[in-house]
Structure formats: C-alpha cells, structure tokens
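1. Have a look at this fold, sequence not included:
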C-alpha cells in the first residue's frame with residue numbers, strides 16, 4: 001500500500017475513533033449508554049492491550065485538542081518554523097543546567113525504578129499465567145460471562161455485586177476492572193495483580209489480563225456460551 005494511502009487509512013481510523021468517543025460524550029441517558037457500550041466493545045475487541053491503550057488515549061478530549069492544534073500549526077508553516085527555531089534556542093540555553101539536573105535525577109531514581117519494574121513484570125507474568133490456567137479450568141466446567149463496568153459502577157458496587165451474583169448462577173462471571181492499580185471490587189479483599197475471587201462465582205480481573213486471555217485462549221471468545229456485557 002502506498003504511503004499516501006496508509007496515511008489516509010490511519011486518518012480515517014483515527015477520525016472514526018474520535019467520532020465514536022464524541023458521540024458517547026455528547027449524548028445523554030440511554031443513548032449515551034448505548035454509544036459508550038458500542039465504543040467499549042470496539043476497544044475491548046482489539047488484539048492487544050497496547051492497541052486498547054492506543055484507542056483509549058486517542059479518543060480522549062485532550063488528545064483531540066492536541067491533534068487539532070497540530071493540524072492548525074501545519075497550516076502555517078512560517079509559524080511552525082518560528083516555533084521550531086525558538087525551541088532550538090531555548091533548548092541550547094537550558095541544555096547545560098537541564099542535563100546536570102536530569103542526570104542527577106536519573107542516577108538517583110533509575111536503579112530503584114528498574115528493580116521495581118522488573119519485580120512488577122515478573123509478578124505480572126507469574127500471576128497472569130496462573131490466571132490463564134484458572135480461567136481455562138473454569139471455562140471447561142461452565143459458561144463464562146465478561147462484564148465491563150465503568151468506574152462509577154464499581155465505586156457504587158451494591159448494584160453491580162447483586163447483578164453479577166445473579167449472573168453467576170448460570171456460570172462464572174469475570175468483571176474486567178476499570179482500575180489500573182486499585183484493589184476495589186465487589187466483595188473480595190486484598191491487592192491483586194491479575195485475578196481475584198470475589199465470591200459466589202464472581203471474579204475480578206485486570207484489563208491487561210483480559211487481553212492476555214484473548215491471546216492465550218482465543219477459543220474461549222468464540223464459544224456460544226461466552227457472553228460480554230458492556231455497562
């Protein structure tokens with residue numbers, strides 16, 4: 001595919017995501033919930049967690065403002081050139097002091113940050129592997145339902161907890177947590193990195209674990225008994 005066609009295809013895909021996000025924000029009531037659910041369905045159908053993050057970031061209002069500012073700047077090449085020249089001058093003036101400060105910060109923080117990253121990555125790999133094995137075992141025994149709630153639904157969890165327990169009477173329910181680190185759930189206690197049992201046939205999993213399941217257990221997501229509920 002020629003470079004110009006690739007750029008056009010990328011722009012169409014980006015504008016489609018922005019339009020979906022704009023509709024979900026601008027509508028109210030039932031229409032807003034339907035639009036948000038459709039948008040979430042597209043995001044969670046992506047092939048990887050990185051693609052999910054990309055769609056999430058590029059659909060935010062902040063990214064739209066940034067993209068519009070860049071598009072505006074491209075129309076005025078002189079302004080762009082002046083800004084670029086000014087940034088080079090400022091950079092040259094501040095390089096010396098900035099380099100010394102940055103070097104000190106990096107030398108002080110990097111070792112601890114690197115150890116923390118390695119430990120977190122190892123823990124994530126181990127716990128994700130266990131989560132995949134656990135879900136595989138559960139899927140052999142009963143149908144599986146994935147629930148994708150917004151943060152407010154988890155924060156005010158009485159309604160979500162009651163309904164997921166009703167759903168769990170017909171199989172296992174996995175709530176895909178909207179939080180990156182928070183341990184908040186619908187009954188379980190303690191921190192978790194991949195999966196936690198909430199009781200009564202209900203589990204809560206991290207988004208990255210959900211996408212690992214999509215990669216490791218693709219057959220699960222094509223079974224007739226697997227259900228997806230977007231709140």
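-> Structure received. Not measured: the values here are computed from a predicted model.

2. Any stretches of the chain with poor pLDDT?
-> For the chain, the stretches with pLDDT under 70 are 1-35, 61, 63-64, 66-126, 155-157.

3. got the residue ranges for the strands in it?
-> Using DSSP state E, the strands of the chain run over 144-148, 172-176, 195-199, 202-205, 227-230.

4. Mind checking the ones you listed for the one nearest to residue 134?
-> strand 195-199 (6.4 Å; Cβ to Cβ). (Each C-beta comes from the backbone N, C-alpha and C, glycine too.)

5. Make CSV out of the strands of the chain and add mean neighbour count and distance to residue 189.
-> Below are the strands of the chain laid out as CSV (neighbours: other Cβ atoms under 10 Å; distance: least, Cβ to Cβ, whole Å):
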stretch, mean neighbour count, distance to residue 189
strand 144-148, 21, 20
strand 172-176, 23, 15
strand 195-199, 19, 9
strand 202-205, 24, 11
strand 227-230, 16, 24
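
6. need those strands in TSV with distance to residue 36, can you?
-> Shown next, in TSV, are those (distance: least, Cβ to Cβ, whole Å):
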stretch	distance to residue 36
strand 144-148	10
strand 172-176	15
strand 195-199	24
strand 202-205	20
strand 227-230	8
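
7. Quick one: closest of the ones you listed to residue 50.
-> Comparing these under Cβ to Cβ, the one sitting nearest is strand 172-176, at 16.6 Å.

8. That closest one pairs with which strands, and in what direction?
-> Using DSSP bridges, strand 172-176 pairs in its sheet with strand 144-148 (parallel), strand 202-205 (parallel).

9. Break this structure into its domains for me.
-> 3-74, 129-230 (automatic domain parsing).

10. can you tell me which of the strands paired with strand 172-176 comes nearest to residue 180?
-> Minimum separation from residue 180 across the strands paired with strand 172-176 (Cβ to Cβ) falls at strand 202-205, 12.7 Å.

11. just to revisit the earlier point, ok, which of the strands paired with strand 172-176 comes nearest residue 131?
-> Residue 131 lies closest to strand 202-205 among these, at 6.6 Å (Cβ to Cβ).

12. which residues touch the closest one?
-> Contacts to strand 202-205, defined as Cβ atoms under 8 Å, 6 or more residues apart in numbering, come from residues 131, 161, 164-165, 168, 172-177, 185-188, 192, 194-198, 213.

13. Excluding residues flanking it in the chain, which one is nearest residue 193?
-> Leaving aside its sequence neighbours, residue 193 sits nearest to residue 127 (Cβ to Cβ, 6 or more residues apart in numbering; 4.6 Å).

14. In this structure that neighbour contacts residue 206, no?
-> No - here residue 127 does not reach residue 206: they are 9.1 Å apart, not a contact under Cβ atoms under 8 Å.

15. Of the two, which one has the most company?
-> More crowded of residue 127 and residue 206, by other Cβ atoms under 10 Å: residue 206, with 23 against 17.

16. Now do the same contact list for the more buried one.
-> 176, 177, 180, 192, 193, 194, 195.

17. can you rerun that using 10 Å?
-> 49, 124, 127-128, 131, 176-177, 179-181, 192-196, 212 (Cβ atoms under 10 Å, 6 or more residues apart in numbering).

18. quick one: buried residues of stretch 140-160?
-> Buried residues in stretch 140-160, defined by neighbour count with 16 or more other Cβ atoms under 10 Å: 143, 144, 145, 146, 147, 148, 149, 153, 154, 157, 160.

19. want to throw those into a markdown table with distance to residue 230?
-> Listed next are the buried residues of stretch 140-160 as a markdown table, based on distance: Cβ to Cβ, whole Å:
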| residue | distance to residue 230 |
| --- | --- |
| 143 | 18 |
| 144 | 15 |
| 145 | 12 |
| 146 | 9 |
| 147 | 8 |
| 148 | 5 |
| 149 | 9 |
| 153 | 11 |
| 154 | 14 |
| 157 | 17 |
| 160 | 13 |
